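Student: Fold the following for me, if possible:
(chains A and B)
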Amino acid sequence: MDLEDVMKALAHAYWGRPASDAELVAMVGEWHRDSSSIAASPEGQQGALFTVEPATFDRILQTEADR
Amino acid sequence: MNPDNPGSLAQAAAAVKARRISAVELTKAALSRAKSSHERLNAFIDIEEETALQAAHRADAALARGEATGVLHGVPLAHKDMYDRKGFVTGCGSKIRAAHQAAETSTVMQRLETAGAISIGRLNMSEFAMGPTGHNFHHGRALNPIDPARITGGSSSGSGSAVGGGVVLAALGSDTGGSIRLPAACCGVVGIKPTQGRVSRHGVMPLSFSQDCVGPLARSVDDAYLLLQLIAGPDGRDTTCVIAPPPAALSDDVSTLRVGILGGLFETGLDAVVGAALEATGQLLSKEVATLAMIKGTEMPSIAELANVIAMAEAGTVHFDWMRERPEDYGPQIRMRLSQSLAIPAPIYLRALQIRATMLQAFLDETFAKADVLIAPAMPFLPPLSSEVDIGASPKMNAVVSGLTSFTRPFSFLGLPVVTLPVAASPEGLPIAIQIIARPWREDQAASVARRLEQILALPAFTSSLPPRSAA
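Tutor: Predicted structure coming up:
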């Protein structure tokens, strides 16, 4: 199954409809960008994000508010 | 007072209060401008003449009874089509919500109404606030008041057009990746994207829970900041709105502030004319502040894609039902962009949020250790021609979106407050704008520097039919 087929399957499974050609192009493009930039991000190597909760961002803003 | 040249928000409100002009006169003039500018600007989706005049009459009657206490009493404004007002349509620039009538009033609109402001209509916007060019498949694009062949920027396209085109003194927009800053930059006005969590989003159309901000566009820093002060602060109805010190008063003295000009990412692909304007601005500002230094190495790898993943994953969640049930009712580009959400695995979305936290802490610890406020261009280039970026659902869509937002998205991702203002005109008369970025909750520092720049630059108006910006 190639990547476009995966995207077609996702659209069927989640939207209950076929994806249009433009949607497939966008989905495949997103997949490629994310796999190369976010999956391999230098910010997250060797377990650097192991203990980071996404809510840490809100805590930082609150800490700044209390400065 | 000339109702077609009310100067600033404060001057307009003072004139109403002193009865040098009535709210009805001011509102009639604004409505007339809104109607007569339709072909020139296409800034309005709906002009609410009857209800605006009724509100103006009520404002004048209240004044006669001595009950006018709001700081914007009787001043006509208009806002992006995404803020609920009970009994009015909030269309979100879309077909899907075109007839949606709000059951209650959003906090931001409630606060402006309490201040006495009058709404004269709903402003054009990119469909569901998705689109940095300002194109709208359903309503047509708002036109840039400086050069109609150029984009207004988006998504707050009508806000930029109406304010830049002199229809209203100020308007609310929203910003998820640059949607206040880009229209401000393209239309030659001031825009403020507040700190994430500064302004309640209760009753506001959602796009990306993590990055949506409500903020003003106006013809001067003072006017924009006044609106921010009016709408800021928790309301108990938006749990993401942070309890923080309110926006402090602006300072005339910026001599103690350290200013950094961001290099690295923000030097990438810079047009020569934009680079020259930034350099000239830095030279001027260096005489006003404690220090001004170049901050090298601001690379922030993949930050635009990180911001995009969060925005698209969250937008895909917001729009999930309609993408299942009525995808044909979206414009082609919006449908294409929303579809990206299905290709984002949950760990990638959450990883982007993890990286957001670590990048913010690093930025505070390292970059803000060197400077109190930072400066970067708003865009790498001049406002593009509409024809260059009207790409619909073409595969070029992502390149156009990421190109336009490459300098704005990083600060949405980091949740930082930003003031955007024009600092120069290109040889063809197009605005060149910068972003002034501050630590979280220090909109006052960014706006104080912006106001000082506004004073020393004293740029003429970008559109000939308007009073000088320095008059405001």
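
Student: From here on, just use CA atoms for contacts and neighbour counts.
Tutor: Will do.

Student: Wait, B:G331 touches B:F137, no?
Tutor: Yes. Under the criterion of Cα atoms under 8 Å, B:G331 makes contact with B:F137 at 5.3 Å.

Student: what residues are shared contacts of the two?
Tutor: With contacts defined as Cα atoms under 8 Å, 6 or more residues apart in numbering or on different chains, the residues shared by B:G331 and B:F137 are B:E127.

Student: is it true that B:G178 lies in a strand?
Tutor: No. Under the criterion used here (DSSP: H, G, I helix; E, B strand; the rest coil), B:G178 is coil, not part of a strand.

Student: Disregarding residues adjacent in the polypeptide, which is nearest to it?
Tutor: Leaving aside its sequence neighbours, B:G178 sits nearest to B:T408 (Cα to Cα, 6 or more residues apart in numbering or on different chains; 5.1 Å).

Student: ditto for B:A55
Tutor: Leaving aside its chain neighbours, B:A55 sits nearest to B:I118 (6.5 Å; criterion: Cα to Cα, 6+ apart).

Student: now swap in B:G74 and tell me
Tutor: In space, B:G74 is closest to B:A23, 4.5 Å off (Cα to Cα, 6+ apart).

Student: So which residues make contact with the lengthiest helix in chain A?
Tutor: The residue-count maximum for a helix in chain A (DSSP state H) belongs to helix A:21-37. With Cα under 8 Å, 6+ apart as the contact definition, helix A:21-37 has outside contacts at A:3-4, A:7-8, B:302, B:305, B:309, B:335-337, B:339-344, B:348, B:393-395.

Student: picking that back up, just want the phi and psi numbers for the residue nearest to B:G74.
Tutor: Main-chain dihedrals, B:A23, degrees, to the nearest 10: phi -60, psi -40.

Student: and if you look at B:I45?
Tutor: Taking degrees, to the nearest 10 as the convention, B:I45 sits at phi -90, psi -40.

Student: Also B:L217?
Tutor: phi -120, psi 140.

Student: What residues are bridge-paired with it?
Tutor: When bridges are called by DSSP bridges, B:L217 pairs up with B:A171, B:G191.

Student: Count the residues that sit near it.
Tutor: The number of residues packed near B:L217 is 36, by other Cα atoms under 10 Å in any protein chain shown.

Student: For it, give me the pLDDT.
Tutor: We have a pLDDT of 98 for B:L217.

Student: go on, the one 5 residues further on?
Tutor: Here, the pLDDT recorded for B:D222 equals 98.

Student: Give the full set of residues in contact with it.
Tutor: B:D222 neighbours (Cα under 8 Å, 6+ apart): B:R451.

Student: For the nearest residue to B:G415 once chain neighbours are set aside, report the pLDDT, please.
Tutor: Closest residue in space to B:G415, ignoring its immediate chain neighbours: B:Q196 at 4.8 Å, by Cα to Cα, 6+ apart. What the model reports for B:Q196 is a pLDDT of 98.

Student: My read is that B:Q196 contacts B:Q211, right?
Tutor: Yes. Between B:Q196 and B:Q211 a contact is recorded at 6.8 Å, counting by Cα under 8 Å.

Student: Please say which of those two ends up with more neighbours.
Tutor: B:Q196 (27 against 23).

Student: Can you tell me the SS state at that one?
Tutor: coil.

Student: Tell me how many other residues crowd residue 42.
Tutor: You didn't pick a chain, so chain A it is. Counted with other Cα under 10 Å, A:P42 comes out at 14.

Student: Not quite, go with chain B.
Tutor: Around B:N42 there are 23 other residues, counting by other Cα under 10 Å.

Student: What distance do you get for it to chain A?
Tutor: 29 Å (Cα to the nearest Cα, to the nearest Å).

Student: which residue is nearest the middle of chain B?
Tutor: Among the residues of chain B, the one closest to the centroid is B:I180, at 2.1 Å (Cα atoms, centre = their mean).

Student: how about the residue nearest to B:G415, phi and psi?
Tutor: Dihedral angles (degrees, to the nearest 10) for B:Q196: phi -60, psi 120.

Student: State the distance from it to B:I120.
Tutor: Distance, B:Q196 to B:I120, using Cα to Cα, to the nearest Å: 28 Å.

Student: who does the helix or strand containing B:V24 touch, helix- and strand-wise?
Tutor: In the assignment (DSSP states H and E), B:V24 maps to helix B:23-36. Packing partners of helix B:23-36 (3 or more Cα pairs under 8 Å, 6 or more residues apart in numbering or on different chains; DSSP states H and E): strand B:44-47, helix B:49-64, strand B:76-80, strand B:118-123.

Student: Contact distance from chain A - what residues of the stretch 201-350 of chain B qualify?
Tutor: Contacts of the stretch 201-350 of chain B with chain A, taken as Cα under 8 Å from any Cα of the partner chain, map to B:242-245, B:301-302, B:305-306, B:309, B:320, B:323-325, B:335-337, B:339-344, B:348, B:350.

Student: Buried ones only from the residues you listed, please, as a ChimeraX command.
Tutor: To isolate the buried ones among these in ChimeraX, judged by 16 or more other Cα atoms under 10 Å in any protein chain shown, type:
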select /B:242,243,244,302,305,306,309,320,323,324,335,336,337,339,340,341,342,343,344,348,350
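
Student: Pull up the per-residue confidence for the most centrally placed residue in chain A.
Tutor: When Cα atoms, centre = their mean is applied to chain A, the residue found nearest the centroid is A:D34 (6.1 Å). At A:D34, the pLDDT value in this model is 95.

Student: Ok, A:M1 next?
Tutor: So A:M1 comes in at 72 (pLDDT).

Student: Same question for B:K396.
Tutor: At B:K396, the model reports a pLDDT of 89.

Student: Okay, it and chain A: tell me how far apart.
Tutor: Counting by Cα to the nearest Cα - B:K396 and chain A are separated by 10 Å.
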